Structure formats: C-alpha cells, structure tokens
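> Starting from these lines, generate the structure:
(2 chains)
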Amino acid sequence: MDSEIFYKSALELEKLLDSGKLTSVELTKAVIERTKSIDDKLNAFISFDEKKTINEATQSDVRRKAGKKLSNLDGIPVAIKDLISERGQPLTCGSKILRGYVSPYDATVIERMRNAGCVLWGRLNMDEFAMGSSNENSYYGKVANPWDISRVPGGSSGGSAAAVASGETILALGSDTGGSIRQPAAFCGIVGLKPTYGAVSRYGLVAFASSLDQIGPMGRSVGDVAALFHIISGHDDKDSSSYPVDKTNHTLESIKNKKTKTIGIPTEYFGEGLDPEVRQSVENAIDFYEKAGHRIKEVQLTTTKYTMAVYYVIATAEASSNLARFDGIRYGYRSENAKDAIDIYYKTRGEGFGSEVKRRIMLGTYVLSNENFESYYLRAQKVRTLIRNDFMGAFENVDALISPVAPSTAFKIGEKSADPLQMYLSDIYTISTNLAGLCALSFPCGLSHDGLPIGLHVIGKPFHEHEILSLGYEFEQSHDFKNIHPAI
Amino acid sequence: MKDKKSGHHINIENIATLARIYLTDQERQELPKSLDEILGYFDELGTANVEGIEPSAHAFPLYDIIREDEVGTPFDVKTALQNAPQRRNDQIIVPKVVE
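The predicted model follows:
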C-alpha cells in the first residue's frame, strides 16, 4: 500500500475501501502511526483513544464486507475539535477548568457521524474555549504550523487544521465563531467550511458565543468537505437555533455544476493592512473566475469599519454569560484553595481560566453591566442589523463574494500574543460572516515566496453552501494545491 | 459612549467581582491597559447611525419550539455526577452555605 495513504482524499479512499484494496483498519492505523511519528512537533492532538478508534474501523470493515456501507465516509477517520461532546471521551476545550471531564452524551454531529459509519478519531487541540486566532492559548500547549513549525497554525481550530494538513487525519471537525475554521484552514493550506448559522446543530458543542458559533468540516479537498457537511447538517429538534430547512444535496455530484455566477468583490476588504502577496494571489483567483466565464462586480460593504467592534462586544458578552457555568461545583476543576462557597467560584475560575479567556469574560461583563449595556451591547446589536442589511443588499446583485481570508500568511509564534488588539484584527475579513449568519468557504489559492499557504474566502448567501462549494470545486480542478503537502 | 481621549478607567475590581474571577497581581496590573485599548476600539460604534434600527440577537429571528411533554430516559445518577469534582452518596459535596 502507498506509504502516504494518509494524504489521499476521503473520496479516493472510499474507492480503495470499496474495491477491497484497503481496509478501514489499515487506513486508521496509518493515520495513528503518522500522528505518533510527527505530533511531538505539532501538538495538534490533546488526547486519543487508539483502541476505541481501531474498534470502530473494524466494525466499518465488517459492515462493508456485508454490503452494508452506511455513507461515502464509512470507515474514514475524522478527528474532532476538543469542544464537541463524544460520549465516553474526554473534552477539555483547551482549558484547565475542564481537565478530566468526560462527556456523558454525544453531540448531534457525533451521532450523525456514527450513523454514517465515520471512524471517530482523536481530540484536537484548540485555543482555550475557542478564543484566539493562533492556537497559542491552549492549556495543553501551543500548536505548530506543519508548513513551518516556528509559525502558528491559526486559531481557534488550529489543531484541526494542522492535523488535516499533515495527514494526521483525513477529515476534521472545527468550530467557527469569527473565523476559527477559515483562518486556520488558510494558514495550513486546507479547505474549511463555515456553514450558515442554523445549518448544523450546536447540540453538544460547548458554547462560546451562541449567536455566532457553528460547527463545520475541514479537509484537504472541497469534495471531502462537502461530503462531511452533507452528513452533519440538517435540522435538529435539540437545538432551538437549528433552522428548519430540508437537507439539500451537497455531495460531490451536486457541486460539479458550473453555472455562471455573479461574484462580488467588496472593495473594503482590499484596503490598508493587506499583505501584497496575499492580495496578488486573491486577485489571480478573481482573474481565474472571470476567465472561466463568471461575472465579476465590485460591491461596497460600508459597515465593514464597525465589524470588529460589533463582534468583540457581542462575542465577549455572550461568552461572559455562557462561561458562568464553569464554577467548580458540578463538573470540572475545583480549586483546593477556597475558604468558603463563594470563594470556590472566584478561585476555581481564577485558577482554571487562562488569561485570554479572563480578558474576554471581563470585557463581556463590562459591556453587559448596567451603565454600559445600552452604549455597547444594545448598540452593537443594532449595528449588527446594519451589517446584515449591508450583506443582504449586496446579495441582491451577486451570488457570492470573494475576499482574502486573513490579512497575512501564518505569523510567527509569539509575534502577536502580547498584543490582543492586533490578534483580534487578524480576523477582520471573516467575522462579518458570523454576524450576518452567512456561509463561507476557505481554500488554498496560492503559496507565498517563503512557501506558506494563502487562502481564498468565498462567502455565500444563507443556506447556499452548494454555490460556494461549487466555486471552490471549480478552482480546485484547475489548480493543484490539494496535492501539495507540507514537508513534515 | 465615553470620551476616547480620557480613557475608560474600568474599575477592574468591580468587574472581577461581577464576573466572579480571582485575578493575580500581574493580571490586575496588565488587564486595565489592554481592556482600555480594546474599549477605545469599540468607540467606533458611536459613529454608526442606528436611529430606528432594531437590534439583532441572532442573524435570523428565532421562534419558540413547542413539543408534547414526553417521558424520556434521563441520565442515571452515576452518569450525571461522573464529572462532579467532589461527590459522596450520589450527591455533590459543597461547603456549608447556611449557618
């Protein structure tokens, strides 16, 4: 068998599994061995249960042999960001406060992947409670970028992106509150989809900012990502924000449609602060679409200047409320230094949360406090309405928008960690998608002079994932980025 | 919205109390500066014209989902308490709260 089996796409592997040339156990063991050989350099995994994983692969092989394959991804290893509940497995959210916690139930996405026969692989490192853009905020250590281990993989789904890019898994689940799937996908040269808010159930996802969080698939090809999205999406009664739309077809066949589209280019996303090499790669991609027959149209998103402020007011406000549940009483870490009941709260949270999480809880508490509620939180919610109206206005004339994913390629570890505001600004192009409840895809469109991946950001209308996946697939067919891997 | 030039002068102690977070001496020293800087950035919001604009709590309106009351299978006590930091006799141990 090919020694680099772990770099094949899920849909190629499906054919090998179907033909009997490969078993899921062989594939799963290849991925596990790959992880054991390189993860001391990357630190992409927080934990994994080898025996359980191989057992699931064995069951898949038995099913397939009996002609009872459950889906395209039956027998394919999918690793999971460590904030999605899998029954019987640890869940840390990258935090000390959840050290030792074991999930008593399955998230809906996990249940759906089980029903599709996916092999549920290890638990992926992340910025603590998904707060960060570099994966430097994990209690379980920083994650390195497989393209250059002195650089960050992006965040907060940095472990997911690094593991997919380096062949430590075939597919992964991430979560995206302001760019946490797309920015690490861009930094690590892979494909990441932030589904429309409400398209994927959040039941069993530990909440950061409930009105913005979405679970989404990450993989090395658009087809793989579409296949996993097809499995995890669709209405769920257990999540009140799950949208009651019928499951549409996002499989590879459906995204091969090359219908001519009108693509909008938001001028505000190409202004000051954008790295020239990133700009050039994105412009080359726009040229590609134009030559392929799509219409290109400049659009204005005049509310862009407000997005950072709106996002950080709303996200921190929701986080301060959501994270109130971590109090040392019912689950997780409890301080041993507390002198009385109330002190358990203070000390547990003081010792259990890292500095970025504390900063955001403090900010959120401040903007929600009596005297500031109206001028910050309520006002941000109103400007959020303006941002959504701005996008919906643009989408009256275009089918999708194209922009960079991030202002630069992967930056050095430590470069921005002392400057939270600069770190926040690295999400400038992705956060509005979450505020407006849109879908967006990040996929590789270039390499910088120093060999670092550059991502393209395609934003779609709500519940039009098939359109952005189709644009991604079209680009991928004419470029070879999915076959270029980091030299790790 | 407060005057940007004058700074925001967050009362760190008060906010930490509201948030039930114990801060180390280093955090007490460093947090005010970074919070002030971030809040300064938030002041951009003051320039938006929001007259007559409804606030959005979500990207889409959400509606209550109503279902029949049905008897389900809840966790057994052991599973429900498996993650409690301190437990005894199927109960969570907490310090005495009533004298």
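> which SS state does the nearest residue to A:Glu290 once chain neighbours are set aside fall under?
Once flanking residues are discounted, A:Glu290 sits nearest to A:Ile296: 5.0 Å by Cβ to Cβ, 6 or more residues apart in numbering or on different chains. In this view, the C-beta of every residue, glycine as well, is placed from N, C-alpha and C. Following DSSP: H, G, I helix; E, B strand; the rest coil, A:Ile296 is assigned to strand.
> Contact partners for A:Ile296?
By Cβ atoms under 8 Å, 6 or more residues apart in numbering or on different chains, the contact list for A:Ile296 reads A:262-263, A:265, A:286, A:289-290.
> Mind checking which of these are buried?
Burial by neighbour count, 16 or more other Cβ atoms under 10 Å in any protein chain shown: within those this picks out A:263, A:265, A:286, A:289.
> Can I get those in a markdown table including distance to chain B?
Putting these into a markdown table (distance: Cβ to the nearest Cβ, whole Å) gives the following:
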| residue | distance to chain B |
| --- | --- |
| A:Ile263 | 22 |
| A:Ile265 | 23 |
| A:Ile286 | 27 |
| A:Tyr289 | 27 |
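> Which two of those residues have the greatest separation?
A:Ile265 and A:Tyr289 (10.0 Å; Cβ to Cβ).
> quick one, helices of the stretch 1-150 of chain A?
Taking DSSP state H, counting those that start in this stretch, the helices of the stretch 1-150 of chain A run over residues A:10-19, A:24-42, A:50-65, A:108-115.
> Could you give me the buried positions within the shortest one?
In other words, helix A:108-115. Buried residues in helix A:108-115, counting neighbours by 16+ other Cβ under 10 Å, are found at A:108-114.
> What is the neighbour count of residue 93?
By default, I'm working from chain A. Counted with other Cβ atoms under 10 Å in any protein chain shown, residues neighbouring A:Cys93 total 28.
> um, chain B though
The number of residues packed near B:Ile93 is 12, by other Cβ under 10 Å.
> That one reaches A:Ile344, doesn't it?
No - contact criterion Cβ atoms under 8 Å: B:Ile93 and A:Ile344 do not qualify, at 10.9 Å.
> Which residue does chain A have closest to chain B?
Nearest residue of chain A to chain B: A:Gly437, at 2.3 Å (Cβ to the nearest Cβ).
> List the contacts of A:Glu465.
Contacts of A:Glu465 by Cβ under 8 Å, 6+ apart are A:193, A:195-196, A:199, A:229, A:233, A:248, A:250, A:439, A:441.
> Got the phi and psi for it?
Backbone torsions of A:Glu465, given as degrees, to the nearest 10, read phi -60, psi -40.
> show me where pLDDT drops low in the stretch 201-350 of chain A?
Applying pLDDT under 70 to the stretch 201-350 of chain A flags residues A:246-251.
> For the residue positioned nearest the centre of chain B, report the pLDDT, please.
Centroid check for chain B by Cα atoms, centre = their mean gives B:Ala19 as the closest residue, at 7.0 Å. Per-residue pLDDT puts B:Ala19 at 97.
> any idea which of the helices of the stretch 1-150 of chain A is most buried?
Among these, ranked by average contacts under mean count of other Cβ atoms under 10 Å in any protein chain shown, first place goes to helix A:108-115 (a mean of 21).
> and that one with helix A:50-65, angle?
Helix A:108-115 runs at 50 degrees relative to helix A:50-65, counting by axes from the mean of the first three to the mean of the last three Cα atoms, to 10 degrees.
> Tell me where chain B has strands.
Listed in chain order, the strands of chain B (DSSP state E) span B:87-88, B:91-92.
> With chain A instead?
A:45-47, A:77-81, A:119-124, A:171-176, A:191-194, A:214-219, A:262-266, A:295-299, A:400-404, A:439-447, A:453-460.
> What residue in chain B comes nearest to chain A?
Proximity of chain B to chain A (Cβ to the nearest Cβ) peaks at B:Ala59, 2.3 Å away.
> isn't that residue right next to A:Ser432, touching?
No - counting by Cβ under 8 Å, B:Ala59 does not reach A:Ser432; the two are 10.8 Å apart.
> before we move on, the earlier item: give the bridge partners for the residue nearest to A:Glu290, please.
Legend: beta-bridge partners of A:Ile296 under DSSP bridges are A:Ile263.
> Equivalent analysis for A:Leu193, please.
A:Leu441.
> Which single helix of chain B contains the most residues?
Across chain B, the helix with the greatest residue count (assigned by DSSP state H) is helix B:25-42.
> what's that one packed up against?
helix A:307-322, helix A:355-368, helix A:420-425, helix B:12-18 (3 or more Cβ pairs under 8 Å, 6 or more residues apart in numbering or on different chains; DSSP states H and E).
> Which residues does it contact?
Helix B:25-42 has contacts (Cβ under 8 Å, 6+ apart) with A:308-309, A:312-313, A:355, A:358-359, A:362-363, A:366-367, A:376, A:420-421, A:424, B:4, B:7-10, B:12, B:23.
> related to what we said a few turns ago, to what extent is the residue of chain B closest to chain A buried, counted in neighbours?
The local packing of B:Ala59 (other Cβ under 10 Å) involves 24 other residues.
> OK, contacts around it?
Contacts of B:Ala59 (Cβ under 8 Å, 6+ apart): A:197, A:211, A:388, A:434-438, A:462.
> ok, and the closest non-adjacent residue to it?
A:Gly437 (2.3 Å).
> residue contacts, that neighbour?
Taking Cβ under 8 Å, 6+ apart, one finds A:196-198, A:388, A:462, B:58-60 in contact with A:Gly437.
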